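J.: below are the sequence and a predicted model for it; my questions follow.
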Amino acid sequence: MKRFGLIGGMSWESTKEYYRLINERIRYLKGKHYSADCVLCSINFNEIESTIKKGEWERSNELLLEAATILKNSKAEFIAICSNTMHKCIPFIEEKINIPIVHIVDSTSNEIKRKGIRKALLLGTKFTMNEDFNKKRFEMNGINIIIPNEKEQEIIDAVIFDELCKGIINEESKKRYLDIIMKYCDLNTGVILGCTEIGLLIKKTDINIPVFDTTEIHAKEIAERGIL
C-alpha cells in the first residue's frame, strides 16, 4: 500500500464522494478490512471560490502549493487534486515541488478512449469550459472537445456554485442539464462531467449516451495506484 495525499474541500460535497469511492474501490480490490492510507488537506472553499471569480490565480497557486507541501511532508508518495478547475494550478505546483500528481484529465481520457469514444461534450465551471488548461490536455490525449454555448455555460456554472457546492439537488436543474446534454450528444459523442460536483446531479442511468464522471474515474485510478 502507498500513502497518497488528497487536496480537497473544493467543494467538500465532492471530496466526501472521493473518499467513499476510493475506499470502496480499495476494499473491492484488496478485500478483508483494507482501506486507503491517505492524508487529506481540505482547503476553505470560500477563499477558493473568491479567487476563481476574481481571477486571482497567483493566490490559488499559493493555496494549492501549501496544501501539496503539507501532503508531501506527511510522506505521501503521490497526490491528487479533487477538483477539475483547480488543475490549472498543477504546472505551478510541479515547478516548486517534486511529487507525482494524478491528473484528472489523463484518467478520464484513458477511460473515454477505452470506450471507443473520440468526441465529447465538456461540462464544468465556466472557467473550465472556456480556458484551455484542461481542454487542450484532452485534445492532446486524442479527445475532440465541444462546449456548450455562452447562455448554457451560465446555467451550468450557476447550478454548480449556487446549488451543488451547497449540497442542493434540484430536479429542474437536472432537467436543464439533460436538455443541454441531449442537444450535443449521441451514442458516438459522450459527455464529460468535468466538475467534481456534477456527478451529484447527473447519473449514468439518467441518459442513454456515454457519460464520463470525472470524480468516479479519478477516484478509481487514485485507489488503484494506492495499492500498487
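T.: That came through, no problem. Numbering: from 1, shown residues only.

J.: domain parsing for the chain?
T.: The chain breaks down by automatic domain parsing into domains covering 4-103+217-226, 105-213.

J.: Serialize these to TSV and add fields for mean neighbour count.
T.: Heads up, the C-betas are built off the backbone N, CA and C, glycines and all. Listed next are the domains of the chain as TSV, based on neighbours: other C-beta atoms under 10 Å:
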stretch	mean neighbour count
domain 4-103+217-226	18
domain 105-213	18
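
J.: export the ones you listed to TSV and tack on mean pLDDT?
T.: Output for these, formatted as TSV (pLDDT from 0 to 100):
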stretch	mean pLDDT
domain 4-103+217-226	97
domain 105-213	96
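
J.: tell me the phi and psi of N144?
T.: Reported as degrees, to the nearest 10, the phi and psi values for N144 are phi -80, psi 120.

J.: what of C41?
T.: The phi and psi torsions at C41 (degrees, to the nearest 10) take the values phi -110, psi 110.

J.: beta partners for it?
T.: Note on C41: beta-bridge partners by DSSP bridges are I7.

J.: surely N44 is in contact with S11?
T.: No. The pair N44 and S11 fails to qualify as a contact (C-beta atoms under 8 Å) at a distance of 10.5 Å.

J.: which parts of this protein are strands?
T.: 4-8, 38-42, 78-81, 119-123, 144-146, 189-193, 211-213 (DSSP state E).

J.: which of those sits closest to D157?
T.: The closest of the strands of the chain to D157 is strand 119-123. By C-beta to C-beta, the value is 9.8 Å.

J.: against which helices or strands is the closest one packed?
T.: Applying 3 or more C-beta pairs under 8 Å, 6 or more residues apart in numbering; DSSP states H and E, one finds that strand 119-123 contacts helix 126-130, helix 132-140, strand 144-146, helix 171-184, strand 189-193.

J.: can you put those in CSV and add distance to K119?
T.: Converted to CSV, the helices and strands packed on strand 119-123 look like this (distance: least, C-beta to C-beta, whole Å):
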stretch, distance to K119
helix 126-130, 16
helix 132-140, 10
strand 144-146, 4
helix 171-184, 10
strand 189-193, 5
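
J.: of all those, which one is nearest K220?
T.: Closest to K220 of the helices and strands packed on strand 119-123, according to C-beta to C-beta: strand 189-193, at 14.1 Å.

J.: can I get that closest one in CSV, CA atoms only?
T.: The C-alpha coordinates for strand 189-193 follow below in CSV (Å, rounded to 0.1, in the frame of the first residue of the first chain):
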residue,chain,number,x,y,z
THR,A,189,-20.4,11.7,-28.6
GLY,A,190,-20.1,11.3,-24.9
VAL,A,191,-20.4,13.8,-22.1
ILE,A,192,-17.7,14.6,-19.6
LEU,A,193,-19.0,15.6,-16.2
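
J.: which residues does that strand contact?
T.: Here strand 189-193 makes contact (C-beta atoms under 8 Å, 6 or more residues apart in numbering) with 108, 112, 115, 117, 119-124, 138, 145-146, 181, 184-185, 199, 202, 207, 209-215.
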